[in-house]
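> Predicted model and sequence follow; I will ask about them next.
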Amino acid sequence: MKFIFFIFIIIYPLFGQSNLQKVTLQLDWKYQFEFAGFIAAKEKGFYKDVGLDVQLREYQAGTDIVADVLNQKSTYGVYNSSIVVEEGRIQPIVLLATYFQRSPLVFVAQKGIKHPIDMLGKTIMGTTDELKYSSLALLLDHFSISSQNARFKDHTFHSKDFMEGKVDVMSAFLSNQLYTLDQAGIPYEVIDPAEYGFVMSAVNLFTSQKEALDHTEQTQKFINASNKGWEYALAHPNEIITLLLRKYHVQKSRDALMYEAKVTKKLMMTDFYPIGQANEELTIRSFKQLEQAGSLFPGQKLGHFMFKDVIASSSSGISLTSKEKEYLLQKKKIVVCVDPEWYPFEAIREGKHIGIAADVMKNFEHKLGIPFELRLADSWDESIEQAKKRECDIFSLASSTPERLVYMDFTSPYVTLPIVMATTMDKPFTENITTLRDKKLGVVKGYAIAEKLKSQNPDLNIVEVQSITDGLKRVESGELYGYIDNLIVISSYIQKEYPGVLKVSSRLDDKVDLGVGTRKDEPLLHDIFEKLVQNLDEPTMQKIYNRWVSTVEEVSWIDRAVVWKVLVALSALLILFLWRYSMLKRYNAKLLELSTTDKLTGLYNRQKTDEILIEEKKKVHRYPAYSCSVMMIDVDFFKAVNDTQGHQTGDKVLQALAEVLKNNVRSIDIVGRWGGEEFMVILPHTNMDEAMNVAENLRHKVEKYPFIDSNSVTISIGIGEFLSTDSVHECIGRIDSALYEAKANGRNQVQRA
């Protein structure tokens with residue numbers, strides 16, 4: 001009996017372990033406090049409590065973390081950004097949690113290199129990804145620092161080259177290399193992208209879309225347990241550090257790990273964000289900054305990247321098979337070909353897809369959670385050629401024809417339209433177009449109706465045109481008798497461009513059924529879009545129609561001359577009203593601009609600047625964590641410029657200075673002319689230390705700026721932060737005193753209040 005009990009004691013834990021689901025977490029660096037929460041969750045049994053057996057994988061040279069997760073060699077991964085970019089393309093990761101709300105990634109520079117502009121001509125060490133897609137890359141791009149004016153070197157992942165002066169600048173983590181340099185007594189400067197408005201996150205937990213969808217509940221349990229681990233690690237840093245040293249054999253001192261733990265807590269910003277909260281706004285902002293910097297391939301979209309959004313989109317009423325889901329995961333994006341000139345159904349305006357079909361595609365894109373990418377074309381015929389070459393995956397709105405069925409499949413129609421003919425006003429209403437055999441009738445080249453008319457009525461003289469605009473112009477000039485298209489499109493163009501000139505004068509017996517065309521070599525794509533079309537409900541389509549459609553059609557039993565006279569009169573009255581309204585709106589806008597703008601510089605004037613100061617003071621008083629700094633700027637020796645070179649030169653100096661100030665602050669910052677040669681800059685969400693960096697940058701920019709018709713110009717700056725106990729008058733008084741002190745101490749300097 002004792003023997004049986006002994007065997008039970010041995011094998012029972014094994015049975016318990018066998019019930020746990022094995023998953024892996026691939027880290028993006030060596031074991032250190034940066035991953036303390038995951039280690040705590042494993043060692044304290046938080047993962048085990050939710051039924052998970054988690055294997056932590058330390059980073060090894062050559063590991064492709066993102067590829068391993070997307071290919072499901074690893075279940076979850078950690079990455080230093082919430083956006084993953086590879087060769088300019090967004091990778092389809094699912095963001096589960098963010099632990100460092102602010103990235104620790106900064107530039108460490110040799111003493112004296114204080115500003116990004118000072119990095120010009122210097123040797124910069126960093127990883128390929130850091131220098132292409134991180135906040136460091138955005139900073140370099142903003143200050144136009146590239147391989148054309150600086151030297152770049154691959155990172156060696158230790159500080160030796162920096163200490164020996166072989167590199168001038170290196171990428172570093174606030175939580176690691178700074179401690180090493182401090183211990184070695186090496187002087188350095190820190191250039192932090194966050195101080196210039198480029199903020200990204202780090203220690204981002206992610207997975208693949210397939211894992212998120214196939215194991216949703218398990219993934220949520222993993223997130224919850226990881227969050228619990230981080231909560232424990234922050235509360236018990238000494239215990240976790242001991243674990244790191246004894247069990248995980250971390251090659252750091254206890255003091256270095258304690259330093260890292262303190263920095264980690266700051267970067268997690270737990271006073272503002274719950275542990276693990278994925279920051280969607282920050283991710284979208286980072287995407288826009290990367291896009292603006294030209295780091296992304298044109299047409300890239302984020303799509304659904306948040307765990308909650310991916311799950312929500314999967315349950316949006318579209319029931320996809322496992323093969324269809326897998327197909328979309330591999331597909332990554334859907335390239336859309338459209339008719340660039342077929343308004344209101346669709347058109348391309350300024351590179352964007354608009355119209356009824358565009359709204360339907362947005363609906364489909366939301367439901368699938370995969371980006372739709374527009375393929376630009378100058379004509380419908382060009383779009384057809386692109387589809388034949390497999391340069392696009394779908395037609396957003398098209399009709400099936402025998403010729404198209406060679407290379408495309410078509411869904412059920414989501415639009416059915418009557419076909420009509422437009423002519424000039426003097427032409428009679430035609431009951432049957434077969435009576436017009438001797439007339440030239442225009443149809444856009446490649447349209448299904450052209451193929452159908454030629455087949456059914458070979459005697460008709462069908463002339464192919466490039467677009468509806470081309471066709472209607474030829475009708476107006478008399479080159480064509482009529483132009484044939486669907487009712488809504490023709491009516492829209494007549495009302496907008498040809499009122500009183502063209503009319504709808506025939507309605508054909510034919511109708512056109514329009515659905516989604518899908519490339520024939522990928523049948524799963526057709527199945528998916530057929531489900532999407534079938535899922536379109538009447539209220540959704542009616543809402544889309546109401547947004548884009550307004551139709552007037554001539555019918556044979558109405559006195560057409562009377563109708564058109566009324567329409568022309570009403571149109572004239574409407575145009576007169578709109579013109580008058582537009583003029584009043586323009587005048588009011590101009591008056592508002594004049595009342596708030598300084599005439600000479602185009603900046604905000606004293607009155608508007610005062611209003612903004614009052615609003616910012618209210619925010620400081622209302623929100624204890626809110627920071628706002630203000631700087632007062634005075635042009636040094638400006639009277640001498642006026643006295644020796646004239647007031648016109650002085651005005652040019654002030655205008656140029658205004659441009660320098662505007663171009664070197666953020667879009668949210670406010671620049672105003674305070675009076676004479678004095679300017680004010682208001683910096684929302686900015687504390688004193690951050691504002692000092694901005695002020696020094698402005699002072700440096702002005703000093704180096706080549707002012708025309710004047711010698712070099714410098715400025716003195718007084719700077720202060722709004723205090724909740726101060727009135728606006730008291731705050732400005734302190735800053736004005738600081739400005740006076742800067743001028744008294746020799747000018748061309750920044751003085752804090």
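Everything's here; your move.

> Skipping its backbone neighbours, what lies nearest L181 in space?
Closest residue to L181 apart from its sequence neighbours, by CB to CB, 6 or more residues apart in numbering: Y188 at 5.5 Å. Where C-beta positions appear, they are placed from N, C-alpha and C, glycine not excepted.

> Oops, could you answer that again for R89 instead?
Distance criterion CB to CB, 6+ apart; nearest residue to R89, sequence neighbours excluded, is F297 at 5.2 Å.

> Number of residues surrounding the one you found?
By the criterion of other CB atoms under 10 Å, F297 has 13 neighbours.

> Do I have it right that it meets G88?
Yes: using CB atoms under 8 Å as the test, F297 is close enough to G88 to be in contact (3.8 Å).

> any idea whether the closest residue to R254 other than its chain neighbours is helix, strand or coil?
The shortest distance from R254 to any non-neighbouring residue, by CB to CB, 6+ apart, is to I241 (6.0 Å). Following DSSP: H, G, I helix; E, B strand; the rest coil, I241 is assigned to helix.

> quick one: contacts for I241?
F33, R254, L257, M258, A261 (CB atoms under 8 Å, 6 or more residues apart in numbering).

> And the helix or strand that contains the third one, what does it pack against?
Right, the one you point to is L257. Element membership for L257 (DSSP states H and E) is helix 254-268. Judged by 3 or more CB pairs under 8 Å, 6 or more residues apart in numbering; DSSP states H and E, the packing partners of helix 254-268 are strand 93-100, helix 177-184, helix 216-235, helix 237-246.

> If we use 6 Å, what do you get?
Under the contact criterion of 3 or more CB pairs under 6 Å, 6 or more residues apart in numbering; DSSP states H and E, helix 254-268 touches helix 237-246.

> what angle do the helix it packs on and helix 254-268 make?
130 degrees (axes from the mean of the first three to the mean of the last three CA atoms, to 10 degrees).

> for helix 237-246, which positions count as buried?
Neighbour-count burial for helix 237-246 flags P237, I240, I241, L243, L244 (criterion: 16 or more other CB atoms under 10 Å).

> what domains does the record give for the chain?
The chain breaks down by automatic domain parsing into domains covering 2-100+203-291, 105-196, 606-752.

> Adding mean pLDDT and distance to E365, write those domains out as TSV.
Converted to TSV, the domains of the chain look like this (pLDDT from 0 to 100; distance: least, CB to CB, whole Å):
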stretch	mean pLDDT	distance to E365
domain 2-100+203-291	88	14
domain 105-196	89	24
domain 606-752	88	28
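
> Kindly indicate which of the contacts of I241 lies nearest S103.
Relative to S103, the closest of the contacts of I241 is F33; by CB to CB it sits at 15.9 Å.

> how many other residues sit next to the residue nearest to the closest one when sequence neighbours are not counted?
What sits nearest to F33 in space, not counting adjacent residues and going by CB to CB, 6+ apart, is E260, at 4.3 Å. Residues near E260, counting by other CB under 10 Å, number 25.

> What separation do you get for E260 and S103?
Plainly put, E260 is 15 Å away from S103 if you go by CB to CB, to the nearest Å.

> cool, and E86?
Remark: distance between E86 and S103 (CB to CB) = 19 Å.

> Compare neighbour counts for those two and give me the winner.
For E86 versus S103, neighbours defined as other CB under 10 Å are more numerous around S103 (27 against 13).

> in terms of contact, does that one touch A202 like I think?
Yes: between S103 and A202 there is a contact at 4.3 Å, judged by CB atoms under 6 Å.

> all strands of the stretch 501-650 of the chain, in order?
Per DSSP state E, counting those that start in this stretch, the stretch 501-650 of the chain carries strands over the ranges 502-519, 628-635.

> Distance to W230 and mean neighbour count for those - can I get that in CSV?
Listed next are the strands of the stretch 501-650 of the chain as CSV, based on distance: least, CB to CB, whole Å; neighbours: other CB atoms under 10 Å:
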stretch, distance to W230, mean neighbour count
strand 502-519, 45, 20
strand 628-635, 32, 24
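
> nearest to N224, of the ones you listed?
Here strand 628-635 is closest among the strands of the stretch 501-650 of the chain (CB to CB), at 37.4 Å.

> With adjacent residues omitted, what lies nearest to Y447?
Excluding the flanking residues, the one nearest Y447 by CB to CB, 6+ apart is W380, at 7.0 Å.

> Could you tell me the per-residue confidence at the one you found?
pLDDT for W380: 91.

> Might one say that it is in contact with A448?
No: applying CB under 6 Å as the test, W380 and A448 come out as separate, 10.6 Å apart.

> neighbour count winner among the two?
More crowded of W380 and A448, by other CB under 10 Å: W380, with 23 against 19.

> how near is the more buried one to T180?
W380 is 63 Å from T180, by CB to CB.

> Quickly note the distance from G185 to F107.
Distance of G185 to F107, computed by CB to CB: 20 Å.

> For H353, which residues are in contact?
V338, L374 (CB atoms under 6 Å, 6 or more residues apart in numbering).

> Which element, helix or strand, includes it?
H353 belongs to strand 352-354 when assigned by DSSP H and E.

> picking that back up, who's in contact with the residue nearest to Y447?
D339, V444, G446.

> one step back: G185 and F107: who's more crowded?
F107 (25 against 7).

> isn't there a strand covering that one?
Yes: the assignment for F107 (three-state DSSP) places it in a strand.

> Does it touch E189 like I think?
No: in this structure, F107 is not within contact of E189 by CB under 6 Å, at 8.5 Å.

> What is the nearest of the contacts of W380 to E211?
For the contacts of W380, the residue nearest E211 by CB to CB is D339; the value is 38.9 Å.

> Now do the buried residues in stretch 491-501.
For stretch 491-501, the buried set under the neighbour-count rule, 16+ other CB under 10 Å, comprises S491, S492, Y493, I494, Y498, P499.

> Redo those residues as a markdown table? Include secondary structure, pLDDT and distance to F173.
What follows is the buried residues of stretch 491-501, written out as a markdown table (DSSP: H, G, I helix; E, B strand; the rest coil; pLDDT from 0 to 100; distance: CB to CB, whole Å):
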| residue | secondary structure | pLDDT | distance to F173 |
| --- | --- | --- | --- |
| S491 | helix | 84 | 63 |
| S492 | helix | 81 | 58 |
| Y493 | helix | 86 | 60 |
| I494 | helix | 88 | 64 |
| Y498 | coil | 89 | 65 |
| P499 | coil | 87 | 66 |
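
> Can you tell me the SS state at the residue nearest to the spatial centre of the chain?
The centroid of the chain falls nearest to K288 when counting by CA atoms, centre = their mean (3.4 Å). Put simply, K288 is helix when judged by three-state DSSP.

> Tell me the spacing between it and G197.
From K288 across to G197, the span is 12 Å (CB to CB).

> do the same with S322
To G197, S322 is 44 Å away according to CB to CB.

> One more: S144?
Using CB to CB, one obtains 16 Å as the distance from S144 to G197.

> what's the answer for V336, then?
34 Å.

> Also V94?
Look at V94 and G197: by CB to CB, they are 28 Å apart.

> Then R437?
Per CB to CB, R437 is found 68 Å from G197.

> what about the nearest residue to P344 once chain neighbours are set aside, neighbour count?
Distance criterion CB to CB, 6+ apart; nearest residue to P344, sequence neighbours excluded, is W548 at 4.0 Å. Neighbour count of W548, defined by other CB under 10 Å: 18.
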